[in-house]
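Enquirer: quick one, what's the 3D model for this:
(2 chains)
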Amino acid sequence: MAPDSARHALRLVLGAWAGLVYLAYWLGYLGILSTR
Amino acid sequence: MIDLGLLVLVLIAAAAGGLSCLRALGALPADEADWLVPGVATGFGVVATVGLGLAALDVLHPLPIAFVGLAVALLGRRDLARAIRAVDRTRVRAAWPYLAVCGALLLAESLAMVAPPVGGDQTKYQLVYPRLYAAAGGLVPTPWSFWGQMQFLQNFAFALGFALSGDVLARFLNAAFGVLTALALASLARRHVGADSGPATGALFFTLPINWSLMTRAGSDIPVVLYAVLATGALLDWMASDRAGDVRRAGLLAGLAGASKVMGLLVAPLLGVVLVGRLLRRSLPPGRAAALVAGFGFPALLAASPCYVRNAIDTGNPIYPFAYRLFGGRNWSPAAGEYLADYYRQYQSTYATRRDGEPYAGLAVTRFPWDLTMHPESFENAARASLDVSPFALAFAPALLLVRRRRPEVLTVAGVGFAYGAIVAAGAWAHPRYVLPAVALTLTAAVPAASMLLGRRLAAVVVAVTIAGNLALIGRYLGTLWPDQVRVAAGRLAPDEFLRRYSSRYAFWERANGAVPPSGRVLVLEKIPHPYYIERPFVLASYLEQGLIDYRTIDSAGALAETARRLGVTHVAVDVSAFTVAGDPFEAAVGRLWRAFVTGECDPVLRQGEYGLYTLRIAPAAERADG
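Expert: Numbering: from 1, shown residues only, chains lettered A, B, ... in the order given. The predicted structure is shown next:
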């Protein structure tokens, strides 16, 4: 994989993680999703 | 209003004293615009040492305090004037949206501080012993509870607050640590992480829901964050400038972190490792490298030591009652230490069920950052919002991989935070308050990481959304106590009535204080006493928190009564629910002993809720039977 595409993939993964954390945090808070 | 004026006077004296101290050490920051926050923070160390000194000399009274304060203010007045003049007003104006939000939050918190303290560790020990010292004008021997030795830097600042005015000033001083911490984080971020990330970092920390509870309840966790952040910043200053004075400041501030709490003792060794690591990578002459290490270590040792020296003198153990097998210590035993450790393990297990989990063992601790963010309520008997650290740090810490600008500095900040959090979580107790320095430092490093990941504009939106979320959670949390705290602040609700509504202990002690004469002495039979509301001389007789009365050797009600008489006890206050709890055989035996003692050796005076007040009969039961 070229360095640019590897970096792009890394950004996607890190972005997805950040989104997942925020989503789990708020859905858990609102009682919609159990994060246990 | 008077307390606010007194707070300003204390802050002036603290800043002048702190700046004088930094000047004497040759450790002032290079830029005068950066003097004020480390100056006030160092000054709080000076204030606390003065408080401890005055208390040890039995002159903890307003006049000596005012005299010392005036002398210190005169000594440092020029440096203070320079520090205030040098504050960058353009930078302050540019940060106005963040300052407006944090200012409004601080106002709401200040209103809560005007009402009397309710709940938390503040009524168990953080404010209890400072209040006792101020009332007595000096240190009071309290061999009946190890919490009397858990009195560190901030507690002696609180003692000055009580001596000058009362609980409101003490709690304003606690809040001053919180404001300084947000400013210190903003400064660390601006100087070493990203020029424009200062205000966002400060506001992200200041609006954390956990910070609301720490601002409104006096404690020791925020001071550790403050000094850890400032010490890290000073060390990064040295890495950038090579000024030996910055290393001395880092040592001094790391020492003050240790002076604030036993866990804070970790800060100096961690930064010491960073310092030595850096020195090893440079080819400095050994003499110069050794001078730098000594310049870090000696101020750290000196700044950390006063309260530990006091404990060593009082008990023989500087970190009493911990490390008993190493240091020993009076009125404690290996069995007491083991029972306390069992209690804490049980405590952790109880609340871990809130996340369907168990206390962490081995590699399971790697789950802690997730649980900390998603289930902060699973570490203590508390509502989720009161321990919430927001999702920001967990979400963006991995994006540190992307950071290119100021990479060594950003990674040092994150690394110190991570190491502190990992050691505390794995080696002591994985708990949101205990890892707060780690949260604060990780948060600081995560701000530029978020910017790299999302771009500046989107990152700014995420910061704004996170702050709004923090405020929303605080808003939910406000529904319980805050409206009545505001009523007290506005004079529409009497403080006594407020306490009756929210504290069953106060409801009992209000009546019990009236029933015990000023010359009386109350023996308090309760597992975890919160003695803040007791206004008569007292002796705590928990089976968990003291070893003066050793329930492993007292086997009858008569023997307990004889021990109580030897201690000059006239009255007995008891948590009657303790008669029937039986979490373990030892606890069950003490419950039975207390019941037999109260029914066989005491006469009832009053009952309020779960608490009863009794008089201790003067003559032993056997003598009365003979007579």
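
Enquirer: strands of chain B, residue ranges please.
Expert: B:522-525, B:538-540, B:571-575, B:602-608, B:611-616 (DSSP state E).

Enquirer: pretty sure B:Pro209 sits against B:Asn470.
Expert: Yes: the pair B:Pro209 / B:Asn470 is scored as a contact, 5.9 Å apart, by C-beta atoms under 8 Å. Yep, even glycine has a C-beta here, placed from its N, CA and C like the rest.

Enquirer: spit out the residues that contact the two alike.
Expert: B:Asp388, B:Ser390 (C-beta atoms under 8 Å, 6 or more residues apart in numbering or on different chains).

Enquirer: near chain B, which residues of chain A show up?
Expert: A:10-11, A:14-15, A:17-19, A:21-22, A:24-26, A:28-29, A:35-36 (C-beta under 8 Å from any C-beta of the partner chain).

Enquirer: any idea which of these is least confident?
Expert: Lowest pLDDT of the residues of chain A next to chain B: A:Arg36, 52.

Enquirer: which residues of the stretch 101-250 of chain B fall in helices?
Expert: For the stretch 101-250 of chain B, the helices defined by DSSP state H, counting those that start in this stretch cover B:128-136, B:153-164, B:167-188, B:198-206, B:209-216, B:221-241, B:244-260.

Enquirer: what does the fifth one contact?
Expert: Same thing as helix B:209-216. Contacts of helix B:209-216 (C-beta under 8 Å, 6+ apart): B:105-106, B:109, B:112-113, B:120, B:171, B:174-175, B:178, B:205, B:221-222, B:376, B:382, B:385-390, B:432-433, B:436, B:470, B:473-474, B:477.

Enquirer: just the mean pLDDT for it, thanks.
Expert: 95.

Enquirer: please apply the same query to stretch B:451-459.
Expert: Mean pLDDT, computed over stretch B:451-459, is 95.

Enquirer: quick revisit: can you redo the helices of the stretch 101-250 of chain B as TSV with mean neighbour count?
Expert: TSV is the format used below for the helices of the stretch 101-250 of chain B (neighbours: other C-beta atoms under 10 Å in any protein chain shown):
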stretch	mean neighbour count
helix B:128-136	22
helix B:153-164	28
helix B:167-188	25
helix B:198-206	26
helix B:209-216	26
helix B:221-241	27
helix B:244-260	28
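
Enquirer: on that earlier part again, what's the closest of the strands of chain B to chain A?
Expert: Between chain A and the strands of chain B, the shortest gap by C-beta to the nearest C-beta is with strand B:571-575, which sits at 33.4 Å.

Enquirer: neighbouring strands - and their directions - for the closest one?
Expert: Using DSSP bridges, strand B:571-575 pairs in its sheet with strand B:522-525 (parallel), strand B:611-616 (antiparallel).

Enquirer: what's the angle between it and strand B:602-608?
Expert: Orientation note: strand B:571-575 sits at an angle of 50 degrees relative to strand B:602-608 (axes from the mean of the first three to the mean of the last three C-alpha atoms, to 10 degrees).

Enquirer: which stretches of chain A form helices?
Expert: Under the criterion DSSP state H, helices of chain A are mapped to A:3-29.

Enquirer: and B:Ala622, what's its pLDDT?
Expert: Model confidence at B:Ala622, given as pLDDT, is 58.

Enquirer: excluding its backbone neighbours, what's nearest the residue of the stretch 201-350 of chain B found nearest chain A?
Expert: Closest to chain A within the stretch 201-350 of chain B is B:Pro209: 10.7 Å, counting by C-beta to the nearest C-beta. Closest residue to B:Pro209 apart from its sequence neighbours, by C-beta to C-beta, 6 or more residues apart in numbering or on different chains: B:Asp388 at 3.9 Å.

Enquirer: what number of residues lie near that neighbour?
Expert: For B:Asp388, the count of nearby residues is 28 (other C-beta atoms under 10 Å in any protein chain shown).

Enquirer: isn't it up against B:Leu208?
Expert: Yes: contact between B:Asp388 and B:Leu208 holds when scored by C-beta under 8 Å: they sit 6.9 Å apart.

Enquirer: list the residues that contact both of those two?
Expert: B:Asn470.

Enquirer: one step back: ok, the residue nearest to B:Pro209 - contacts?
Expert: Contacts for B:Asp388 were tallied using C-beta under 8 Å, 6+ apart; they are B:Leu208, B:Pro209, B:Ile210, B:Pro376, B:Asn470, B:Leu473.

Enquirer: quick one: contacts for the residue lying closest to B:Thr181 once chain neighbours are set aside?
Expert: Leaving out its chain neighbours, the residue that sits closest to B:Thr181 by C-beta to C-beta, 6+ apart is B:Leu226, at 4.3 Å. Neighbour list for B:Leu226: B:Ala41, B:Phe177, B:Leu180, B:Thr181, B:Ala184, B:Ala257 [criterion: C-beta under 8 Å, 6+ apart].

Enquirer: show the pLDDT at B:Leu226.
Expert: The model reports B:Leu226 with a pLDDT of 98.

Enquirer: how far away is it from B:Ala257?
Expert: Separation of B:Leu226 from B:Ala257 (C-beta to C-beta, to the nearest Å) stands at 8 Å.

Enquirer: next: B:Pro318.
Expert: 16 Å.

Enquirer: repeat that for B:Leu99.
Expert: Using C-beta to C-beta, B:Leu99 is found at 26 Å from B:Ala257.

Enquirer: quick one: contacts for the spatially closest residue to B:Ala83 that is not a sequence neighbour?
Expert: Among residues not flanking B:Ala83 along the chain, B:Trp35 sits closest, at 3.9 Å (C-beta to C-beta, 6+ apart). B:Trp35 makes contacts with B:Leu19, B:Leu22, B:Leu28, B:Pro29, B:Asp79, B:Arg82, B:Ala83, B:Ala86, as judged by C-beta under 8 Å, 6+ apart.

Enquirer: so what does B:Trp35 look like in phi/psi?
Expert: Torsion angles at B:Trp35 (phi, psi; degrees, to the nearest 10) stand at phi -80, psi -40.

Enquirer: how many other residues sit next to B:Gly600?
Expert: 14.

Enquirer: these two touch, right, it and B:Ala557?
Expert: Yes: checked against C-beta under 8 Å, the pair B:Gly600 and B:Ala557 is within contact range at 4.7 Å.

Enquirer: closest to the centroid, which residue in chain B?
Expert: Nearest to the mean C-alpha position of chain B, by C-alpha atoms, centre = their mean, lies B:Ser220 at 1.0 Å.

Enquirer: what residues are up against it?
Expert: B:Gln126, B:Phe152, B:Gln154, B:Asn155, B:Ser260, B:Lys261.

Enquirer: switch the cut-off to 7 Å
Expert: B:Ser220 sits next to B:Gln126, B:Phe152, B:Gln154, B:Ser260, B:Lys261 when contact means C-beta atoms under 7 Å, 6 or more residues apart in numbering or on different chains.

Enquirer: gap between the third one and chain A?
Expert: Same thing as B:Gln154. Separation of B:Gln154 from chain A (C-beta to the nearest C-beta, to the nearest Å) stands at 31 Å.
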